[in-house]
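S.K.: Structure for the following, please:
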Amino acid sequence: MLPDKCCIRVGLKACRGIPSHIISILDDSGEYMIGLVCREHITIIERIVLLKQELGEVPKGSIRFTELKSVATACNYTS
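M.R.: Numbering: from 1, shown residues only. Predicted coordinates:
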């Protein structure tokens, strides 16, 4: 199950945007998911991740944005 809100905070306010992309870092040892972001904040999070990589707070590697796809089912659950 994924969070239903963007991971960006502006000041003390959390973004209420619906996540559209998974943010991950891809390096030689694997891929690491670091958050979810709405379309509006993709460029901001990319800058933040690059800065954190320079500071050594996030592993170095390429930043990957994977678009989320919604899936709907027509199940009828009965107990």
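S.K.: now the helix or strand hosting residue 35: mean pLDDT?
M.R.: Per DSSP states H and E: residue 35 is located in strand 30-37. Mean pLDDT, strand 30-37: 90.
S.K.: do stretch 12-20 as well
M.R.: 91.
S.K.: Residues contacting it, please?
M.R.: Residues outside stretch 12-20 that contact it (CB atoms under 8 Å, 6 or more residues apart in numbering) are 2-9, 36-41, 67-68. The way it works is simple: take the backbone N, C-alpha and C, and place the C-beta from them, glycine included.
S.K.: Can you tell me which of those residues are buried?
M.R.: Neighbour counting by 16 or more other CB atoms under 10 Å classes 6-8, 36-38, 41 among the contacts of stretch 12-20 as buried.
S.K.: all helices of this protein, in order?
M.R.: With helices called from DSSP state H, the chain shows them at 42-54.
S.K.: Just put the buried ones among the contacts of stretch 12-20 in JSON lines and tack on distance to residue 14.
M.R.: As requested, the buried ones among the contacts of stretch 12-20 are exported to JSON lines (distance: CB to CB, whole Å):
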{"residue": "6", "distance to residue 14": "8"}
{"residue": "7", "distance to residue 14": "9"}
{"residue": "8", "distance to residue 14": "8"}
{"residue": "36", "distance to residue 14": "12"}
{"residue": "37", "distance to residue 14": "12"}
{"residue": "38", "distance to residue 14": "11"}
{"residue": "41", "distance to residue 14": "11"}
